[in-house]
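Engineer: Quick one, fold the following:
(chains A and B)
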Amino acid sequence: MRILVIIFLCLTLPSYTAHFNSAGSIYSVRKGLVIFHSNAPLELIRASSDKLRGLLDIEKRIFAFKIPVSSFRGFNSPLQEVHFNENYMESEKYPDISFEGKIIEDYDLSQNGNYEIRAKGILKVHGVDQERIIKTNLAIKDKLINAKSKFTVLLADHNIKIPKVVEEKLASEIMVEVEADFIPQN
Amino acid sequence: MKKYFHLFTLVFTVLTLRANSQEDFFKPFSIEEDNPGLKINKLFRDHSGYIWLGTSDGLFQFNGIQFTRIGLPSAAASIVTAIGQDSLNTIWVGLHSGRIFSIRNLVATAFMPEEGLPKKLITDFVADGRNQLWFATGDEGLYYRANNKIYNISTADGLSDNYVYCLAKTSDDNLLVGTDGGISFINMKDPKKGITHFASADGLPDNIVRVITASSDPSRYWIGTQDKGPVLLDIRERKLLSSPTKNVWPYGQVNDLVQVGKELWIATEENGLVRMSIQPDGSLLIASQLPQWPKISSLAKDAEGNIWLGSKGDLIKSNAGAWSFFRNYKNVSIRKVHCLLSDAANGLWFTPDQGLARMEFNSSHPLSIRQFQVTDPQKHTDITALYQDRFGKIWIGTMGEGAFRLDPETGKWRNIIENDVIRNGHILSITGKGNDIWISGLNGTTHCFLTEANNPVGSKLEFKNFSDSSGIGSSYVYDIFIDSRGRVWFATDGAGLIMMEQGGTHRFSEKEGLKSNVIYSVTEDSFGNIWLASWNQGLYRFDGHQFSNYSAAEGLSDPSVTACTTTPDGKLIAVTKKGIDVLDIRTGKFTNYGRESGILPIQSNLNAIAIDSNHNVWIGTDAGIIEYKSREENNLAGPAMLLDKVSLFLNAIDTGATHAFEHSQNNFTFAFTGLYFTGPEKVKYQYLLEGYNKEWTQTNDQKINFPELPPGTYRFRVRSSANNNFQDGAEANFGFKILSPFWVKWWFIAGIILAVLLLLFLFVRARDKRLRRLASLQKEKIEFEFETLKSQVNPHFLFNSFNTLIDVIEEDPKLAVEYVEQLSAFYRNMLSYRGRDLIKLQEELKLFETYLFLQQKRFGTSLRFRIQVTDSKYLNAFLPPLTLQLLGENALKHNAISKETPLELNIIAEEGKLIIRNNINPKLRPERGEGIGLQNIVNRYKLLTNQEVKYHVVDNEFVVVLPLLKEQ
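Structural biologist: Numbers count the residues shown, from 1 in each chain, chains lettered A, B, ... in the order given. This is a model prediction of the structure:
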C-alpha cells in the first residue's frame, strides 16, 4: 500500500519529487484531514476529507500536498455536494487542490519539539495558482510529525464564482483547517 | 455578543485615534480605467521625477494630474510587478509572467535576451555603477546583465533563497538582496564570489525580507519583514540596531518603507499606512495609523517631499506631514483661533472659540490639553494677544476686558488694572524681551518694566505710556516686535513702520522704499533682515538701508498678508486669504500652499502665528490650527522643468543626437511639463524661441508648434512657475539649427557669380574673336583681290595674251575676235566676282575655262585639262572666287610647258571636295613665287570654314584639295 502511495506521488508530483532527498529525511502523510467551513450569514457549509497525500523533506525543508476535490464529504445535503463539485469547484476540470513549496524557518526539524513554521508555496485551487504563506504548527516527537494549520481561502483569489442566488449561503472567505501526521518514508 | 463588543471597541479606538491626533491631508487620485479590479502593485519615481505605476493591468505614468497608459507590446496579461531605471534613463518593467520591457520616450520594447527570460515573476530592478542591470525574480534567484550576456545567481551560487523580493544597492556597489531566507550581500563587481548572509541565526526576527530601504544614514538600512515589522540594520557592522518593535508587531505584512524626516512610513498589507517616529537610538514608536486605505502596496517619494501611496486602484498623495491640521482635540473644538503662543516648554497656547487652552506634545503629537477660563464667558470676549514673560507668566490681551497675567503653574490670574491704556481696553499686541514688556491697544501703547518683585502675578506693575508725536502713541499699533539688536518696531495703521532705538524713534517712509502705511506685523529672519507684512502691498524686507517689496510679481499669492513669521532655517511663512506662502529667503522663491494641500478655505486671523523651538510653525484660523513643519524634505524649488519630447513633423526626434536640420525639416513641436506635484494645476509656462521670438510668451499649453521655421540658429527655452514669478523658474531648453538650402549658401552664390562672369568673359572673347576674324577676312579678301588683280595685270599675262592675239589675228581673225571677247569676258567676270566672299563652283569653273581658253591659245596642246564636275550638287557648292584661276596660274607659272612636257590639269569633285591636280615639270630656273597665292587661299578658307585646304606632292603630281562649302 505504501509503495502504491509513493508511486502515486511520484507520478503526480514529478517536478517536486525530483528535488527530494532520497534517503532518511523524507516524511510522508500517514493520516491527513482537511476541513473547510464557510460562515455564511444564512447557512453554514462544512465538509471534510481524509484523502490528503503529501511529502515533506525536513532536511531541504520542502513539501508537496495534494487532495482530490471530489473526496470532500459531509455537506448539509447531497445537492450541496453536487453544487460544490459541479458549480463552484468544477472538480472534473480541476480534480485536485495542491500546495507545494518550502518552509521559511530554518529550524532543525530532526529534533523533537514544537515549532511554529511558515510554509510558503503555491496553493492551487480551481486551477488558479496563488502564492501563500501559511502558518503551521509542527509537533515532532520520535520521528513522528504532526502538522496543524488554519488558514483562509478567498474565493475571488481562485476565480471561484458564486451565483447571486446563493451568495448569502456561501461566504467569500472559506476557513480551512488541516491536520496531518507524517512518518518517515523508509 | 462578545464579538459585537469587540467590534465596538475597535471602531471606538479607530475613531478616538483619529479624533485625538492631528489630521494630515491625503488626496487620492483614481486611475480612471474601466477596470474596477485594477490594483497598483508598484510605484516608482524616475530620474526626471515622474511617478510610474505598475498595476495588475498594465503600466502608467503619472504627472501630477493625469495617468498615461504605456502600452506593453503583445503582453497578454500585463501584471506589472517591478519597475526600475538604469543610468541611461531607460525604464525597465518586469511582469508577473517573467517578461521584461524597456521603455524610452514612452515607447516600450520587449526585452529579448538570447538566454531567454525568467519563467517566474520579476520583483525588482537595480542598475549598478557600470550600468549593468540586475533583476530579481520570485523563485529563480536574481539575474544580471553584463556585456549583453545574462548571468544567474541562485542558491547554487550561495544565495540565501531563490525567492527574491527586493534589491538595494549601497553606495559602495554592494547589493542587498531580500529573500525568503533573510538578506544576502553580493559584491556587484564580483558577484559570484563570497555571497554572505544575514538571517534569523544572526538575529533577524523574520527571514522573509520583503523590502530594504535606505535610511538617512548610508550605512543603515530599514528592513521590512513579513511578520515582524521593520528593523534597522547596520550593514557595516552587520548588526541590528535594537529590535525597534521588540518583536511585537501587530500590523502584519510590510509591503514598503520610506523614511520621512524623523518618521518611518510603513505600507502594510492589511493595516494601511503605519507611521512610526524614529527615536535617537533607532527604536520606533507608533505615531499614527491611517486605516482609510487598509492595503498599501507601495510607496514613493517625489522630489518635493510628498509621499505617494499605492492602494488598490488609488494613488494617494500625502504632503508627508509637512502640513497638519488640528480641528478638535479630546473634547475641545479648536475653532476661531485668534491667537497663538508657543511657550518655553514647547506647550502651545491657543484660543479656541474665546477660551484659552494649552496643549502639550510628545514628539509633535498631542499628549494633553488644559483649558483656562480668564475672561467672563458671558461677555464672549476675544483673546487677541498672548505673551510669556521671563518669569514664565502668560500675558493675555483681550478685546474689551483689558489684559490679564496668568501663572500657568498655579492657574492663578489677575486683570491688569493699574494702567489706563490697558484697563478694560482693547489690546492688539503684547510682546517683550527680558524685563521690557510692550503692550498696544486701541487706547495707545504702553511699556512696562519688570522687576524681580514682579514674579508673582499679583505683584503691582509699573507702566509708562506713549502719547508722543512719534506716532506710536497716536496710531493703532497692530504689532510690536523686538529684534535681535534690541530695537523695537511698531507696525501701525496709518503711520507705517516706526522703529525705536535707544530711546529715539524713526518713522520709515517712501524715501527708504516703504510705500505702505498700514503694517500688520514685523518679524526678523536669521540673516538680520526685518520683514513686514502690509495691507495690500505684500511683504517688505528691510536690510538695514532699503526696503524691498515682495508681492504678486514675486510670487506672493495675495498682497494682503495677515500674519508672517520666519524659521531659523531661512524660510518666511506668510498667511493670506489665498493660502499660506513659504518663501525661501535665500533663493527668493515663493511656494504657495492652498486647496490642493488641504489648506483652503482659510479664515486667518491677524497675527495668529507662532513658532516653537522645533521650528514648527502654528497658524490660527477660524477652522482650526494649521501646523507647518519646516524641513529639508519640503523642497521649495518649484516646478521641475522637463522637455518631454521634441517632434519634427510630429515624429519624435532623439534629442541626444544631432541638432542640425535641413531647410525642409522646419516644423517643430515641443512638448514639456513643469512637474510640480505640490500644485500641478497652478503651473504656467513661458517659452521663447531664441532666433525667432523676442519676448517670452506665456501659455498654459504643454505643447508648442513652430511650422515653417526659416533657416537659422535657434534655442527653444521654456520655463515654468506655480506662482507667476518666472524669473527664477527652472528652465529646459533645446538648441538646434536649420541649415540654409544650398542655393543661399555662400559657395553656391559665389559659384553662380563666377559662372556668369565666365560666360560673359567667353562671350566677349568670342565676339572679339569674331570681329577680329571678320576684320582679317576683310584684310585677306583685300589682299586676295590685290593678289589676283596683280596677277591679272601681270604684264606677262597681258604680254603673252597679246602675243597670242597677234598670232591669231594673222591666222584666224575670227578666232581673234573670239579670243578678245573671251579676254574681255574674263576680265569682266573677274571684276564682278572679286567683291564676293563666295561664288558657285559653276561660275568659278566657267571663269576658269575662260582663263584656260586664253592660255590654251598660247600653249596649244602642251596645256591639257580635264574638268570632271558634272554633279549639280557640286556645281552648286561654293568656294571663294578666283581660287581655281589662282591655282591654274601657279601651275603655269612654276612648270616648264612644252610639247615634250605638257601640263596636265585635272579637276575632280568628290566627297564634298574639289581636287586639283597637275603634273610637275619644274622650270630650270624656278620662278620667284613666294607662295603668296597658295597661302592666300589657305588663309581665306580658314576664315570661312574649319575645313582645311590641303596641298601636297604625290607621284610627281601637285595636288590641292579644296573643300566645297555651302553658302552661309
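Engineer: How about the contacts made by the closest residue to chain A within the stretch 251-400 of chain B?
Structural biologist: Across the stretch 251-400 of chain B, no residue is closer to chain A than residue B:253, which sits at 8.4 Å (Cβ to the nearest Cβ). Bear in mind the C-beta positions are built from the backbone N, C-alpha and C, glycine included. Contact partners of residue B:253, counting by Cβ atoms under 8 Å, 6 or more residues apart in numbering or on different chains, are B:210, B:226-227, B:268-270.
Engineer: By neighbour count, which of those residues wins?
Structural biologist: For the contacts of residue B:253, the largest neighbour count, defined by other Cβ atoms under 10 Å in any protein chain shown, is 23 neighbours, found at residue B:268.
Engineer: Test my guess that it contacts residue B:257.
Structural biologist: No. Residue B:268 is beyond contact range of residue B:257, at 10.3 Å (criterion: Cβ atoms under 8 Å).
Engineer: State the distance from the residue of the stretch 251-400 of chain B closest to chain A to residue B:29.
Structural biologist: 25 Å (Cβ to Cβ, to the nearest Å).
Engineer: What about the residue in the stretch 601-750 of chain B that chain A sits nearest to, how many residues nearby?
Structural biologist: Scanning the stretch 601-750 of chain B for the residue nearest chain A gives residue B:677, at 33.1 Å (criterion: Cβ to the nearest Cβ). Neighbour count for residue B:677, taken as other Cβ under 10 Å: 24.
Engineer: Spell out which parts of chain A neighbour chain B.
Structural biologist: Residues of chain A lying close to chain B (Cβ under 8 Å from any Cβ of the partner chain) are A:102, A:104-106, A:118, A:120, A:131, A:133.
Engineer: Do I have it right that the residue of the stretch 601-750 of chain B closest to chain A meets residue B:301?
Structural biologist: No. With contact defined as Cβ under 8 Å, residue B:677 and residue B:301 do not form a contacting pair (10.4 Å).
Engineer: Now narrow the contacts of residue B:253 to whatever sits close to chain A.
Structural biologist: Among the contacts of residue B:253, chain A is touched by B:226-227 when using Cβ under 8 Å from any Cβ.
Engineer: JSON lines for the contacts of residue B:253, including secondary structure and pLDDT?
Structural biologist: JSON lines is the format used below for the contacts of residue B:253 (DSSP: H, G, I helix; E, B strand; the rest coil; pLDDT from 0 to 100):
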{"residue": "B:210", "secondary structure": "strand", "pLDDT": "96"}
{"residue": "B:226", "secondary structure": "coil", "pLDDT": "93"}
{"residue": "B:227", "secondary structure": "coil", "pLDDT": "90"}
{"residue": "B:268", "secondary structure": "strand", "pLDDT": "95"}
{"residue": "B:269", "secondary structure": "coil", "pLDDT": "93"}
{"residue": "B:270", "secondary structure": "coil", "pLDDT": "91"}
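Engineer: With distance to residue B:442 as added columns, please give the contacts of residue B:253 in a markdown table.
Structural biologist: Formatted as a markdown table, the contacts of residue B:253 follow (distance: Cβ to Cβ, whole Å):
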| residue | distance to residue B:442 |
| --- | --- |
| B:210 | 64 |
| B:226 | 66 |
| B:227 | 65 |
| B:268 | 56 |
| B:269 | 60 |
| B:270 | 59 |
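Engineer: Could you pull up phi and psi at the residue of chain B most remote from its centre?
Structural biologist: When distances are taken from the C-alpha mean of chain B, residue B:810 lies farthest, 121.4 Å away, according to Cα atoms, centre = their mean. Here the main-chain torsion angles of residue B:810 (degrees, to the nearest 10) amount to phi -70, psi -40.
Engineer: And for residue A:157?
Structural biologist: Dihedral angles (degrees, to the nearest 10) for residue A:157: phi -60, psi -30.
Engineer: Let me see the contact set for it.
Structural biologist: A:128, A:130.
Engineer: please redo it, this time with the cut-off set to 10 Å
Structural biologist: A:123, A:125-126, A:128-130, A:132, A:172-173 (Cβ atoms under 10 Å, 6 or more residues apart in numbering or on different chains).
Engineer: Emit the PyMOL select command for whichever of the residues you listed are buried.
Structural biologist: Command for PyMOL, covering only those of the contacts of residue A:157 found buried under the criterion 16 or more other Cβ atoms under 10 Å in any protein chain shown:
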select buried, chain A and resi 123+125+126+132
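Engineer: Looking at the contacts of residue A:157, which are in strands?
Structural biologist: Per DSSP state E, strands hold the following members of the contacts of residue A:157: A:123, A:125, A:128-130, A:132, A:173.
Engineer: closest to chain B among the contacts of residue A:157?
Structural biologist: When the contacts of residue A:157 are compared for distance to chain B (Cβ to the nearest Cβ), residue A:129 wins out at 10.5 Å.
Engineer: so the closest one touches residue A:123, yeah?
Structural biologist: Yes. Taking contacts as Cβ atoms under 10 Å, residue A:129 lies within contact range of residue A:123: 7.3 Å.
Engineer: Common neighbours of these two, please.
Structural biologist: Shared contacts of residue A:129 and residue A:123 (Cβ under 10 Å, 6+ apart): A:98, A:100, A:157-158.
Engineer: May I ask which two of those are separated the most?
Structural biologist: Greatest spacing in those, by Cβ to Cβ: A:100 and A:157 (16.9 Å).
Engineer: Return the alpha-carbon coordinates of stretch B:188-198 using PDB.
Structural biologist: Provided in PDB are the C-alpha atoms of stretch B:188-198 (Å, rounded to 0.1, in the frame of the first residue of the first chain):
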ATOM      1  CA  MET B 188      28.300  43.700  -7.600                       C
ATOM      2  CA  LYS B 189      31.800  43.900  -9.000                       C
ATOM      3  CA  ASP B 190      32.500  40.200  -8.400                       C
ATOM      4  CA  PRO B 191      29.000  38.800  -8.000                       C
ATOM      5  CA  LYS B 192      29.700  35.100  -7.800                       C
ATOM      6  CA  LYS B 193      32.300  35.300  -5.100                       C
ATOM      7  CA  GLY B 194      31.700  35.300  -1.400                       C
ATOM      8  CA  ILE B 195      28.000  35.900  -1.100                       C
ATOM      9  CA  THR B 196      27.300  36.400   2.600                       C
ATOM     10  CA  HIS B 197      24.100  36.400   4.600                       C
ATOM     11  CA  PHE B 198      22.200  38.000   7.400                       C
END
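Engineer: got the buried residues for that stretch?
Structural biologist: B:188, B:191, B:195, B:197-198.
Engineer: In strands, which of these fall?
Structural biologist: Using DSSP E, the buried residues of stretch B:188-198 in strands are B:197-198.
Engineer: and residue B:453, helix, strand or coil?
Structural biologist: For residue B:453, the secondary structure call by DSSP: H, G, I helix; E, B strand; the rest coil comes out as helix.
Engineer: which residues does it contact?
Structural biologist: If you count contacts by Cβ under 10 Å, 6+ apart, residue B:453 has them with B:459-461.
Engineer: at 7 Å what do you get?
Structural biologist: Applying Cβ atoms under 7 Å, 6 or more residues apart in numbering or on different chains to residue B:453 gives the contacts residue B:459.
Engineer: Check it and give its pLDDT.
Structural biologist: The confidence metric pLDDT takes the value 92 at residue B:453.
Engineer: measure it to chain A for me?
Structural biologist: From residue B:453 across to chain A, the span is 70 Å (Cβ to the nearest Cβ, to the nearest Å).
Engineer: can you check residue B:488 too?
Structural biologist: Here the criterion is Cβ to the nearest Cβ. By it, residue B:488 lies 68 Å from chain A.
Engineer: okay, now that residue: neighbour count?
Structural biologist: 22.
Engineer: Identify the residue nearest it in space, chain neighbours excluded?
Structural biologist: Distance criterion Cβ to Cβ, 6 or more residues apart in numbering or on different chains; nearest residue to residue B:488, sequence neighbours excluded, is residue B:500 at 4.3 Å.
Engineer: you'd agree that neighbour is up against residue B:486?
Structural biologist: No. Using Cβ atoms under 7 Å, residue B:500 is not in contact with residue B:486; the gap is 9.8 Å.
Engineer: The two: which is more packed in?
Structural biologist: residue B:500 (20 against 12).
Engineer: what's the neighbour count on residue 156?
Structural biologist: As the question left the chain open, I've gone with chain A. So residue A:156, with other Cβ under 10 Å, has 12 neighbours.
Engineer: not quite, I wanted chain B
Structural biologist: Using other Cβ under 10 Å, the number of residues around residue B:156 comes to 9.
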